[in-house]
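Q: below: sequence and its predicted model.
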Number of protein chains: 2
Amino acid sequence: MVTVDGMALGKDYATQECSIARALEVIGERWTLLVIRDALYGVRRYNDFLLHLGIPRAVLAARLQTLTAEGILEKRRYQESPPREEYVITERGIALWPTLRSLGVWGREHFAETQLRRFEHADCGTELGPYGECPACGTVVPVPDVVMVPGPGLNPDPADPVSRALLRPKRLLEPIETTTGAAVQET
Amino acid sequence: MVTVDGMALGKDYATQECSIARALEVIGERWTLLVIRDALYGVRRYNDFLLHLGIPRAVLAARLQTLTAEGILEKRRYQESPPREEYVITERGIALWPTLRSLGVWGREHFAETQLRRFEHADCGTELGPYGECPACGTVVPVPDVVMVPGPGLNPDPADPVSRALLRPKRLLEPIETTTGAAVQET
DNA sequence: ACCATAGGTTCGGTCATTGAACCAACCCCG
DNA sequence: CGGGGTTGGTTCAATGACCGAACCTATGGT
């Protein structure tokens, strides 16, 4: 056999015939799922991802490019004069919500944290079940109808403006209003 | 602030207050979710993981150790005389099934593959819904009652004995019978 | 003219992953 | 008793990915 030359290492799982493996080739790299999570929470701008995630700039640029190429985010110009871009999650990205939801539930249940955020059905206020369904209505809740409610145990006065914007209840996908404090300024 | 020295890079997402991030610190590394998938499929032995995944030996050893330490796998001796170990998935690991299931569904739907495997409710033969529920019975199917059925599009004559064992229908968690062909022998 | 903002790219250093080789029990076979 | 096979690892040099910091570009505000 000749072990197809080229990418010997990296993001692919060459020998696997499995849709889980295919999925992981797309979203399995470090930081990628957190970028998608933030996009579901309404984060759209390069600088906001940067502030909220604490990800190296180069890595963020690479992830945004890959996710755009894979059709999970869509890059678009939201302002011409000083050219400004934003990255908006697509249907394909939104379809990852049940996965992220069940991963979050698993993380909370098995690593004993206080509940940091709660997710409710906007129509009735019921807390979602483990796969994003509404126990009261008996239906899978469309992502735009999910409300994220911050819980206790969440730092009440975070440093970055994105975390501050996420401190009050809001619907998924609804863009965060970027108070435009300071750019990347740390410390 | 002083950014706790020590692990500056690696597996942690230091600034994130989020159970998704906590979960990813545990199962977010390369290969980890595939090891867990295989464990759900009934793979238990070091050599079988090796053969089926094509993972470097050192990485496999590291992942098995981490997963054992995190309580996702349990290492146990299944034979004394020549001391032999096996890694069996725990409740905590089994709880990842809905996550893996929804990830697999996403991978198949968005990256247009033929259906490689199907998952059915053993009691009634109905194909599972996207989160591992049975549409006919209306309940979430316990993992031991899920039957994995190989589909078309799966290589009918794979090289390694593990893939061959996974070619016929079987329940999740049921250990694969390792025909004990040859050890790691490739070529 | 000067500073700030948004969205990047470049670069040297460090960490993780890779493939191949080696090791160590123990068994079976002759 | 010696040789080979199986299982479950460890070690090692090389390569790629990730890291933080610095720099760049375009624009707008004052």
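A: Everything's here; your move. Residues are numbered from 1 along each chain as shown, chains lettered A, B, ... in the order given.
Q: closest to the centroid, which residue in chain A?
A: A:Arg37 (1.3 Å; CA atoms, centre = their mean).
Q: would the one helix or strand it maps to count as contacting DNA strand C?
A: In the assignment (DSSP states H and E), A:Arg37 maps to helix A:32-41. No - if you take CB under 7 Å from any atom of the strand as the test, helix A:32-41 misses DNA strand C, and the best it gets is 12.6 Å. All C-beta spots, glycine's among them, are computed from the backbone N, C-alpha and C.
Q: and that helix, how far from the chain's centre?
A: Distance, stretch centre to chain centre, for helix A:32-41: 1 Å (CA atoms, centre = their mean, to the nearest Å).
Q: for chain A, just list every one of the strands.
A: For chain A, the strands defined by DSSP state E cover A:73-79, A:84-89, A:117-121, A:133-134, A:139-140, A:146-150, A:170-171.
Q: for these, which one sits closest to DNA strand C?
A: strand A:84-89 (4.1 Å; CB to the nearest atom of the strand).
Q: can you show me the CA trace of that closest one as PDB?
A: Extracted in PDB, the C-alpha atoms of strand A:84-89 (Å, rounded to 0.1, in the frame of the first residue of the first chain):
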ATOM      1  CA  ARG A  84     -15.900  45.500   8.500                       C
ATOM      2  CA  GLU A  85     -16.700  41.800   8.400                       C
ATOM      3  CA  GLU A  86     -18.900  39.500  10.500                       C
ATOM      4  CA  TYR A  87     -19.200  35.800  10.700                       C
ATOM      5  CA  VAL A  88     -22.800  34.500  11.000                       C
ATOM      6  CA  ILE A  89     -23.700  31.000  11.700                       C
END
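Q: and that strand, which strands flank it?
A: Strand A:84-89 pairs in its sheet with strand A:73-79 (antiparallel), by DSSP bridges.
Q: anything in the partner strand near DNA strand D?
A: No - Strand A:73-79 lies out of reach of DNA strand D by CB under 7 Å from any atom of the strand, never closer than 9.0 Å.
Q: chain center to that strand, what's the gap?
A: Worked out by CA atoms, centre = their mean, strand A:73-79 lies 17 Å from the chain centre.
Q: now do stretch A:118-127
A: Using CA atoms, centre = their mean, the offset of stretch A:118-127 from its chain centre is 19 Å.
Q: what residues does chain A put near DNA strand D?
A: Proximity of chain A to DNA strand D, by CB under 7 Å from any atom of the strand, involves residues A:8-11, A:29-31, A:54-59, A:62, A:81-83.
Q: which of those are buried, as a PyMOL select command?
A: Here is the PyMOL selection string for the buried members of the residues of chain A next to DNA strand D, based on 16 or more other CB atoms under 10 Å in any protein chain shown:
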select buried, chain A and resi 29+30+31+54+55
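Q: okay, the residue nearest to the centre of chain A and A:Gly125: tell me how far apart.
A: Distance, A:Arg37 to A:Gly125, by CB to CB, to the nearest Å: 23 Å.
Q: ok, A:Ile89 next?
A: Distance, A:Ile89 to A:Gly125, by CB to CB: 25 Å.
Q: same drill for these two, tell me which one is more crowded.
A: Ranked by neighbour count (other CB atoms under 10 Å in any protein chain shown), A:Ile89 and A:Gly125 place A:Ile89 first, with 26 against 11.
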